[in-house]
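>>> Here is the input, now give the coordinates:
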Amino acid sequence: MIQMQKQKSLFPTHQTMSHKLFCIIGVSGVGKTTVRNHIVKRKSAIEYLPSYTTRPPRQNEINGNDYFFISKPEFEKLISDNELLEWEKHFGNYYGISKQRFSEKMQSGISVIKEIAIGGYQQIVDSLKSNINVYTIYILPENIYDVLDRLSIRGDQDREERRKSFLKDFDSKALCNSIVISRQDKLEELCHEVEIIITKELNK
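Predicted structure coming up:
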């Protein structure tokens, strides 16, 4: 059984970064990846940092661009070596962020955007303390049943597991800085709303 080690701050306690980590939270299929791609394309001051995962790549996903696809033993070694800023296991697959890659990105003066589960966000906050400005945006589906139908069509996971995951994140939405609604067939509006929020935060 893998034990989660207590995280230590990546940065000196006196050092507070002016740039930010933007965490996009929400159930799978709600539009997080579309929003992230839109923001990275529109904002040169923000970059996406791929996570490690043990799940197989989906169609059109590129190793090192969407995720770093690695084996389960490789991921578990990263956990044992305390090389991850945060990690979680979803539907039998591991997901996690490299401490080193994250540290290098932030110290280069670039803000980072990540899609992340609420549990991973809480790990990040515990690890970073107050040295990084973390801003969370929760994407709330207009109709949960429409999202679950799309996930069933995707066919990569059990519908009931997805429902439980959604409810876990949904119960934690009050922890987020902003909540935006994803309306069916209106992803462009969703991207625009999130861009407005992020632009405002970057200009503070």
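>>> How about the top helix by length along the chain, which residues are buried there?
Using DSSP state H, we find that the single longest helix of the chain is helix 187-202. Going by neighbour count (16 or more other Cβ atoms under 10 Å), the buried part of helix 187-202 is 190, 191, 193, 194, 197, 198, 201. Where you see a C-beta, it was placed from the backbone N, CA and C, and this is true even at glycine.
>>> now for it, which elements pack on it?
strand 20-25, helix 32-42, strand 133-141, strand 178-182 (3 or more Cβ pairs under 8 Å, 6 or more residues apart in numbering; DSSP states H and E).
>>> Run through who's touching it.
20, 22, 24, 31, 34-35, 38-39, 42-43, 45-46, 111, 113, 135, 137, 139, 178, 180-183 (Cβ atoms under 8 Å, 6 or more residues apart in numbering).
>>> quick one on the thing from earlier: can you list the buried residues of helix 187-202 in a markdown table and add pLDDT and distance to residue 84?
Below are the buried residues of helix 187-202 laid out as a markdown table (pLDDT from 0 to 100; distance: Cβ to Cβ, whole Å):
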| residue | pLDDT | distance to residue 84 |
| --- | --- | --- |
| 190 | 95 | 30 |
| 191 | 96 | 29 |
| 193 | 96 | 31 |
| 194 | 97 | 26 |
| 197 | 96 | 28 |
| 198 | 96 | 25 |
| 201 | 93 | 26 |
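>>> now these in CSV, with distance to residue 76?
Below are the buried residues of helix 187-202 laid out as CSV (distance: Cβ to Cβ, whole Å):
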residue, distance to residue 76
190, 36
191, 36
193, 39
194, 34
197, 36
198, 34
201, 36
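>>> Tell me the one of those nearest residue 61?
Checking those against residue 61 with Cβ to Cβ, the nearest one is residue 191 at 20.1 Å.
>>> That closest one and residue 40, how far apart?
Shown here: residue 191 relative to residue 40, a distance of 11 Å by Cβ to Cβ, to the nearest Å.
>>> Equivalent analysis for residue 24, please.
11 Å.
>>> what is in contact with these two at once?
In terms of Cβ under 8 Å, 6+ apart, residue 24 and residue 40 are both contacted by the residues residue 113.
>>> Look at those two and report which has more neighbours.
residue 24 (24 against 14; other Cβ atoms under 10 Å).
>>> these two touch, right, that one and residue 139?
Yes. The pair residue 24 / residue 139 is scored as a contact, 6.6 Å apart, by Cβ atoms under 8 Å.
>>> Spit out the residues that contact the two alike.
By Cβ under 8 Å, 6+ apart, the residues touching both residue 24 and residue 139 are 32, 35, 194.
>>> So what's the residue count around the residue lying closest to the first one once chain neighbours are set aside?
Once its chain neighbours are removed from consideration, residue 32 has its nearest residue in residue 115; the separation is 4.1 Å (Cβ to Cβ, 6 or more residues apart in numbering). Applying the criterion other Cβ under 10 Å, we find 21 residues in the vicinity of residue 115.
>>> same question, the one 10 residues further on
The number of residues packed around residue 125, counting by other Cβ under 10 Å, is 18.
>>> low-confidence ranges in this protein?
By pLDDT under 70, the low-scoring segments of the chain are 1-18, 129-130, 144-172.
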